[in-house]
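> Here is a sequence together with a model predicted from it:
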Amino acid sequence: PIIGHYQASFRHPDRDKSHGRIWRVTAKGRPLTRPPAFADASTADLLNFLDSPDRWTRHFARRVLADQPTETLSPVLNKYTTTPGLSDHALKEALGVYQSHELVAPDLLARLIRARDLGARAYAAAVIGLWADRLPDPLALLRPLVADENPRVRLQAIVASTYVRSAETIEVTLIAGDYPTDRFLDYALRQAVFSLKPLWRAPFREGKLSFGNRESRLGWLVRADGTADTIEAVRQLLRSPTPDSVARETYWRLLADAGNADDFAAALSLKDAALQETILPAFTSVTRSRKLRPRGDLEALLRPLLSAQKPGVRNEAMRLAGIWKVESLRSQVRASALDSKAEPPLRFSAIESLGAFADESSRADLAKLAAGDDPAVRAAAVVALCNTDLKSAARFAAQALTASAERAGEIFAAFLGREGGATALAQAMAATKPSRDAAQLGIEVMNSRGKRHPELMRLLTDSAGLAADTLKIDPSAMGEFLSEIRAAGDARRGEAVYRKPELGCVACHAVRGQGGTIGPDLGALGTAQPLDFIVGAILDPQKEVKEGYSSVAITTRNGDEYQGLVLREAPAEIALQDVTQNREIRLRREDLKEKQVIGSVMPEGLVNTLTRAEFRDLVRYLSELGVAKQ
């Protein structure tokens, strides 16, 4: 129907003549609020209006106070803000009066940064930025706010910090990097790093900024800036004699994330075995996605490490021999993979390496291991074979999952991370059913990672002995179901349903600071959404995806699949918060085969295994999140 916007004729037959805009709402049974007599009110009375529950009254009280002479207002205002028992809200409104007269009030700010009301703390943070050049120590005021428990307060503090023109500012700003972020905080932190760079660049090069030796803070600086001069500054800091062991490890991890292949070669040549054992996994984990392959003789780099004293160094060298396909080391890799007496971590690394060689000989060896009796070795071989022969890997996986649930999570994760992996596994399991425990683990992995594959999910729910009837609430029966939730829903039982591992809710969503960050925080869901919306969002996750949480599925040219939220995009690469690995993945655009927007990572049919009563209790629990208890 046409409800307004008069491009259409008043006489148009589709015009809605039964509804209209509401211009005024009045309460029945009580008189209208009387506007205060602002014109005749004293300054003290006007200030008392700042604590009114009525927004109109507060707004116009501030407006009148803004027009008063500053010299007569100031002493009365100062006396008012020191009155015992004033609410945080009244003090926040008073801060606005100080602003309108350009009166700097450091004592009031010091009180408001400790206020219980998060709105007061956030407002104080913004004012600190505006008054930064007139406050004796603005960073001391901002320091607790960038570490505030509330993300909106942290956001205001980050923005405010950019007004403090000091080299030390970036150290305070990046304290926020210790805490979970969202796309708004990410953007603010990156812009802060950029705008403050003229102040921190030289001190950083000279090693005068420590960032509390926190890798999270240094990581934010290097990743957000990403320029060659900052990466080179990290290398210079490593070459200097000043960094302690913690800082040195942090600098190496940053080079693993943002450095180049020469940095990798330097890490492989380190004389400090303990440090090398700590940092090599960081380099190895990004080798494929970042194409880090040192120049020169790779055998000469790796062979000494294969006999290193530190087991962690040997394991990483074994993995790299396969990733880089160092043919001269193949026989040593094969021998370790087939050696039943080898240390398990080294053997598993060798099995992974054997899979990376991806030739007929390696596939034959992996097939023998995948058909063996040792569940751990069998699972490792299946995962390695998954990268080279998906059909055979699926057949061995189905056999392994029938016999044991050991390492079932790793097996499912491997197939879900490969193009066509879920289909291949479903086809194999149609003939060879998994054990009940293995099937339950498979459901948990699929739900926590948002993987959609109806046939595989059906097979798993059948094998796990769970109900697989689609839980539907007919629109015509929605009112009845909502009444049932209000009358019989139990939030305590609903919380137990929410925490079921097979649903994966906790892995994706946070409540009261606990849980994942892949999906929206649900801590205040009950205050923001009505019951029917919550029911609909669970039954049909794609119907309305919260802004900022629309995920993408990416397939690479070598068959790897990633799924998650895009953190940032650049001409050469894309950074993804991958839900399958729950970490940031950086992919080179030249390696991408396909990129699809898939909406919510929450799979359809997530609650199909729940009874109506369980679903009712779950919705009741979610509907009370954030709602004040009576």
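Structure's in. What do you need? Numbers count the residues shown, from 1 in each chain.

> Find the nearest non-adjacent residue to the residue nearest the centre of the chain, please.
When the chain is reduced to its mean C-alpha position, the closest residue under CA atoms, centre = their mean turns out to be residue 517, at 3.9 Å. Taking CB to CB, 6 or more residues apart in numbering as the measure, residue 517 lies nearest to residue 180, with 5.2 Å between them; neighbours along the chain are not counted. C-beta coordinates here come from the backbone N, C-alpha and C atoms, glycine included.

> Show me the shaky parts of this protein.
Within the chain, the stretches with pLDDT under 70 are 4-6, 242-243, 467-472, 580-582, 629-630.

> State the phi and psi torsions of the residue nearest to residue 447 when sequence neighbours are not counted.
In space, residue 447 comes closest to residue 504 once its chain neighbours are excluded; the distance is 3.6 Å by CB to CB, 6+ apart. Backbone torsions for residue 504, taken as degrees, to the nearest 10, come to phi 80, psi 10.

> Just give me the neighbour total for residue 504.
Summarising burial for residue 504: neighbours were counted as other CB atoms under 10 Å, giving 25.

> got it, and the one 3 residues further on?
Taking other CB under 10 Å as the neighbour definition, residue 507 ends up with a count of 19.

> contacting residues for the residue nearest to residue 47 when sequence neighbours are not counted?
Closest residue to residue 47 apart from its sequence neighbours, by CB to CB, 6+ apart: residue 80 at 4.5 Å. The contact partners of residue 80, by CB atoms under 8 Å, 6 or more residues apart in numbering, come to 44, 47, 86, 94.

> hang on, the second one packs against residue 77?
Yes. Using CB atoms under 8 Å as the test, residue 47 is close enough to residue 77 to be in contact (6.8 Å).

> Overlap in contacts, these two.
Common contacts of residue 47 and residue 77, defined by CB under 8 Å, 6+ apart, comprise 65, 94, 97.

> SS state for the last one?
If I follow you right, that is residue 97. Using DSSP: H, G, I helix; E, B strand; the rest coil, the three-state assignment for residue 97 comes out as helix.

> returning to what we had before: and which of the contacts of residue 80 is nearest residue 271?
When the contacts of residue 80 are compared for distance to residue 271 (CB to CB), residue 94 comes out closest, at 62.2 Å.

> can you give me the helices for the stretch 201-350 of the chain?
Secondary structure of the stretch 201-350 of the chain, counting by DSSP state H, counting those that start in this stretch: helices at 215-225, 228-239, 245-258, 261-268, 273-285, 287-290, 298-306, 311-323, 330-338, 344-357.

> And for the stretch 451-600 of the chain?
Going by DSSP H, counting those that start in this stretch, the stretch 451-600 of the chain shows helices at 454-463, 478-488, 491-498, 505-508, 525-528, 531-539.

> Need those in JSON lines (columns: distance to residue 414).
What follows is those, written out as JSON lines (distance: least, CB to CB, whole Å):
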{"stretch": "helix 454-463", "distance to residue 414": "14"}
{"stretch": "helix 478-488", "distance to residue 414": "40"}
{"stretch": "helix 491-498", "distance to residue 414": "28"}
{"stretch": "helix 505-508", "distance to residue 414": "18"}
{"stretch": "helix 525-528", "distance to residue 414": "34"}
{"stretch": "helix 531-539", "distance to residue 414": "29"}
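
> residue contacts, residue 26?
By CB under 8 Å, 6+ apart, residue 26 lies in contact with residue 32.

> Am I right that it sits in a helix?
No. Secondary structure assignment places residue 26 outside any helix; it is coil (three-state DSSP).

> how close does it get to residue 33?
10 Å (CB to CB, to the nearest Å).

> From the contacts of residue 80, list just the buried residues.
Neighbour counting with 16 or more other CB atoms under 10 Å marks 47, 86, 94 as buried within these.

> can you list those in JSON lines and add distance to residue 223 and secondary structure?
Rendered in JSON lines, the data for those read as follows (distance: CB to CB, whole Å; DSSP: H, G, I helix; E, B strand; the rest coil):
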{"residue": "47", "distance to residue 223": "48", "secondary structure": "helix"}
{"residue": "86", "distance to residue 223": "43", "secondary structure": "coil"}
{"residue": "94", "distance to residue 223": "41", "secondary structure": "helix"}
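
> Just name the closest of these to residue 403, please.
For the buried ones among the contacts of residue 80, the residue nearest residue 403 by CB to CB is residue 86; the value is 69.8 Å.

> and the closest one, what does it touch?
By CB under 8 Å, 6+ apart, the residues touching residue 86 are 51, 80, 94.

> same thing but 10 Å
Listed by CB atoms under 10 Å, 6 or more residues apart in numbering, the contact partners of residue 86 are 47, 50, 51, 80, 93, 94, 111.

> Save those as TSV, and put in distance to residue 199 and secondary structure too.
Shown next, in TSV, are the contacts of residue 86 (distance: CB to CB, whole Å; three-state DSSP):
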residue	distance to residue 199	secondary structure
47	39	helix
50	37	helix
51	40	helix
80	38	helix
93	34	helix
94	33	helix
111	29	helix
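
> Quick check: the two most widely separated of the residues you listed?
Farthest apart among these by CB to CB are 47 and 111. That separation is 16.2 Å.

> Would you state the helices of the stretch 51-200 of the chain in chain order?
All helices of the stretch 51-200 of the chain, identified by DSSP H, counting those that start in this stretch, fall at 55-66, 70-81, 88-100, 106-112, 118-130, 138-146, 151-161, 169-173, 183-205.

> in the second one, what's buried?
Of all the residues in helix 70-81, those buried under the rule 16+ other CB under 10 Å are 73, 77, 80, 81.

> tell me the angle that helix makes with helix 55-66.
Interaxial angle, helix 70-81 versus helix 55-66 (axes from the mean of the first three to the mean of the last three CA atoms, to 10 degrees): 140 degrees.

> what's the angle from helix 70-81 to helix 88-100?
Relative orientation of helix 70-81 with respect to helix 88-100: 160 degrees, computed using the same axes, to 10 degrees.

> again, but for the first one
For helix 55-66 against helix 88-100, the angle by the same axes, to 10 degrees is 30 degrees.

> Check the secondary structure at residue 607 for me.
Following three-state DSSP, we place residue 607 in the coil state.

> Report how many residues lie close to it.
19.

> quick thing: my sequence starts at 790, can you match it?
OK, 790 is where the count begins now, so the last one is residue 1396.

> how close does it get to residue 958?
Counting by CB to CB, the separation of residue 1396 from residue 958 is 48 Å.

> cool, and residue 1182?
Distance from residue 1182 to residue 958, counting by CB to CB: 53 Å.

> Between these two, which has more neighbouring residues?
Per other CB under 10 Å, whichever of residue 1182 and residue 958 has more neighbours is residue 1182, with 30 against 22.

> Take the contacts of residue 869 and write them to TSV, including distance to residue 1033.
Output for those, formatted as TSV (distance: CB to CB, whole Å):
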residue	distance to residue 1033
833	58
836	54
875	47
883	47
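
> Sort out which one of the residues you listed lies nearest residue 1161 for me.
residue 875 (73.9 Å).

> can I get the contacts of residue 875 in TSV with distance to residue 1284?
Supplementary listing: the contacts of residue 875 in TSV, determined by distance: CB to CB, whole Å:
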residue	distance to residue 1284
836	45
839	40
840	37
869	45
882	38
883	41
900	37
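
> wait, isn't residue 1351 in contact with residue 1382?
No. Counting by CB atoms under 10 Å, residue 1351 sits too far from residue 1382 to count as a contact (11.3 Å).

> list residues touching both of these two?
Common neighbours of residue 1351 and residue 1382 (criterion: CB under 10 Å, 6+ apart): 1343, 1344, 1345.

> That'll do, ta.
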